[in-house]
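1. Test case, fold it:
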Amino acid sequence: MTHKTILPGQTLGVMGGGQLARMFVHAAQRMGYFTAVLDPDAASPAGLVSHTHIRTDYLDAQGLSELARVSAAITTEFENVPAQALAQLATTRPVAPSGDAVAVAQDRAREKTHFTRCGVPCAPHAVIETPGQLAAVGDDLLPGILKTARLGYDGKGQVRVATREALARAWDDLRQVPCVLEKMLPLAAECSVVVARGADGQMVHLSVQLNLHREGILAVTEVHAGVLPPARAQQAIEATRAIAQGLGYVGVLCVEFFILQDGALVVNEMAPRPHNSGHWSLDACDVSQFELQVRALAGLPLVQPRPHSPAIMLNLLGDLWFREGAKTASEPDWAAVLALPGAHLHLYGKTEARPGRKMGHLTFTGSDVATVRANALKACGLLGLAPF
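-> Numbering: from 1, shown residues only. The predicted structure is shown next:
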């Protein structure tokens, strides 16, 4: 479908009803749009705050038809929405990102092929889909990480392997689904870049984000001047823009990178949507990643976001509701946290806290990095989070 400007007063649709869709819905509504969410969960965070909630499966023909009927354009909040559903919607409505772009992000093997085609280096790797490919894996890829080619996120579907025997066992444990084996590299840090690209090819980006992961899940993001050497930060931005350009991408895209101990930058993976590491932009930037998602989808001008404060974001997982081995959930002491200067609390409206489940995030802003860091570390102490 031709992408034309969609003005406030019309309805923007989103596939998926989690926290990313919720924040998209809030941004769209603030700008004067109506919203529609397709998600099977009656208590989905986005469905609870949207004008319209279509409670069907992502491949339900009637549900997709209804979403297309009420929406002027449609986006997605997570990469595991079936690409064929997006393709079906695109026959009658503008869809951004496209099903083709999402399909690349859904498959690690295709994703790495795309990175290479764009001239962006990734870790040495091998695709394993058959016993013959398993046997042909070079010893130079070990130790490595075996990752399912599809449906892996937040550390799921990943196994560290040090020997050929461990690799074979891991592939068996993963039921011999298509996988990618990546060589383990000596990491110094991890970072990410969020870009937004319009249908007209215009592209803007958020500041480079320094990330700390724990057990495969993002724990802390820092964004401020000097978070990376300027040349390395610019390299990450240019690589992300090349990846988006190569896809003919429309929408918000996040690309995650490894920074090796020798300073080299290696791409890890991409997410065809706003990203956990970009949440700081809601409180420390004049244009958030979710407003950029609205603008790109609606065909509105994209402006280069300007950060107005250093920012540190802490991810809030359901573990915080079960302090010191408690069997029943209890609410953390938000009053104590919100007494800290520069604290911005975002809870996602999820009705049940579970260990490992993303329940919200907490962003600290302030006049200087030292103050922001000090208050973020105080919050860690209050909540029982590990310091960083």
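
2. ok, the residue nearest the centre of the chain - contacts?
-> With distances taken as Cα atoms, centre = their mean, residue 275 lies nearest the centre of the chain, 2.8 Å away. With contacts defined as Cβ atoms under 8 Å, 6 or more residues apart in numbering, the neighbours of residue 275 are 192, 194, 254, 289. C-beta coordinates here come from the backbone N, C-alpha and C atoms, glycine included.

3. switch to 10 Å and redo it
-> Residue 275 sits next to 20, 192-194, 206, 209, 211, 218, 221, 252-256, 289 when contact means Cβ atoms under 10 Å, 6 or more residues apart in numbering.

4. and those residues, which of them are in helices?
-> 20, 289 (DSSP state H).

5. Sort out which one of the contacts of residue 275 lies nearest residue 161 for me.
-> Taking Cβ to Cβ as the measure, residue 161 sits nearest to residue 256 out of the contacts of residue 275, at 21.5 Å.

6. wait, isn't that closest one in contact with residue 271?
-> Yes - using Cβ atoms under 10 Å, residue 256 is in contact with residue 271, at 7.6 Å.

7. which neighbours do these two share?
-> 192, 277.

8. buried sites along the longest helix seen in the chain?
-> Taking DSSP H as the criterion, the chain has its longest helix at helix 230-247. Residues 232-233, 235-237, 239-244, 246-247 are the ones in helix 230-247 that count as buried (16 or more other Cβ atoms under 10 Å).

9. Tell me how many other residues crowd the closest residue in space to residue 73 that isn't next to it in sequence.
-> Leaving aside its sequence neighbours, residue 73 sits nearest to residue 94 (Cβ to Cβ, 6 or more residues apart in numbering; 4.3 Å). Number of residues near residue 94 (other Cβ atoms under 10 Å) recorded here: 22.

10. so what's residue 94 up against?
-> 1-4, 6, 71-75, 199, 250, 297-299.

11. Keep only those of those residues that are in helices.
-> The helices, defined by DSSP H, take in 297-298 from these.

12. Just the contacts of residue 94: which are in strands?
-> The members of the contacts of residue 94 that map onto strands under DSSP state E are 73-75.

13. Make CSV out of these and add pLDDT and distance to residue 314.
-> Output for the ones in strands among the contacts of residue 94, formatted as CSV (pLDDT from 0 to 100; distance: Cβ to Cβ, whole Å):
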residue, pLDDT, distance to residue 314
73, 98, 33
74, 98, 32
75, 98, 27
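
14. what pairs with residue 179 across the strands?
-> residue 128, residue 148 (DSSP bridges).

15. Distance check, it against residue 108.
-> In this view, residue 179 and residue 108 are 8 Å apart by Cβ to Cβ, to the nearest Å.

16. more neighbours, those two?
-> residue 179 (28 against 23).

17. For the more buried one, list the residues it contacts.
-> Applying Cβ under 10 Å, 6+ apart, the residues contacting residue 179 are 108-109, 126-129, 133-134, 145-150, 152, 157-159, 167, 170-171.

18. cool, residue 201 as well?
-> Contact analysis of residue 201 by Cβ under 10 Å, 6+ apart lists 244-245, 248-250.

19. right, and the pair among the residues you listed with maximum separation?
-> Farthest-apart pair in the contacts of residue 201 is 245 and 250; separation 11.4 Å (Cβ to Cβ).

20. what sits in contact with each of those two?
-> What both residue 245 and residue 250 touch, as defined by Cβ under 10 Å, 6+ apart, is the set 197, 201.

21. Residue 251 and residue 57: what is the separation?
-> 23 Å.

22. List only buried entries from the contacts of residue 275.
-> 20, 192-194, 206, 209, 211, 218, 221, 252-256, 289.

23. Can you give me the neighbour number for residue 175?
-> 7.

24. what's it in contact with, if anything?
-> Contacts of residue 175 (Cβ under 10 Å, 6+ apart): residue 148.

25. where in this protein is pLDDT low?
-> 1-3, 152-155 (pLDDT under 70).

26. The nearest residue in space to residue 357 that is not next to it in sequence and residue 218: what is the separation?
-> Sequence neighbours aside, residue 318 is the residue nearest to residue 357 in space, at 4.1 Å (criterion: Cβ to Cβ, 6+ apart). The spacing between residue 318 and residue 218, counted by Cβ to Cβ, is 15 Å.

27. contacting residues around residue 280?
-> 206-207, 209, 221-224, 288-289, 307, 309-313, 344, 361, 363-365 are the contacts of residue 280 under Cβ under 10 Å, 6+ apart.

28. on that earlier part again, in JSON lines: the ones in strands among the contacts of residue 94, plus distance to residue 15.
-> Shown next, in JSON lines, are these (distance: Cβ to Cβ, whole Å):
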{"residue": "73", "distance to residue 15": "12"}
{"residue": "74", "distance to residue 15": "7"}
{"residue": "75", "distance to residue 15": "7"}
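
29. Tell me the one of those nearest residue 40?
-> The closest of the ones in strands among the contacts of residue 94 to residue 40 turns out to be residue 74 (Cβ to Cβ; 16.6 Å).

30. I'd like the distance between the closest one and residue 33.
-> 12 Å.

31. Could you say which helix or strand holds the residue lying closest to residue 123 once chain neighbours are set aside?
-> Once flanking residues are discounted, residue 123 sits nearest to residue 182: 4.6 Å by Cβ to Cβ, 6+ apart. Using DSSP states H and E, residue 182 falls within strand 179-183.
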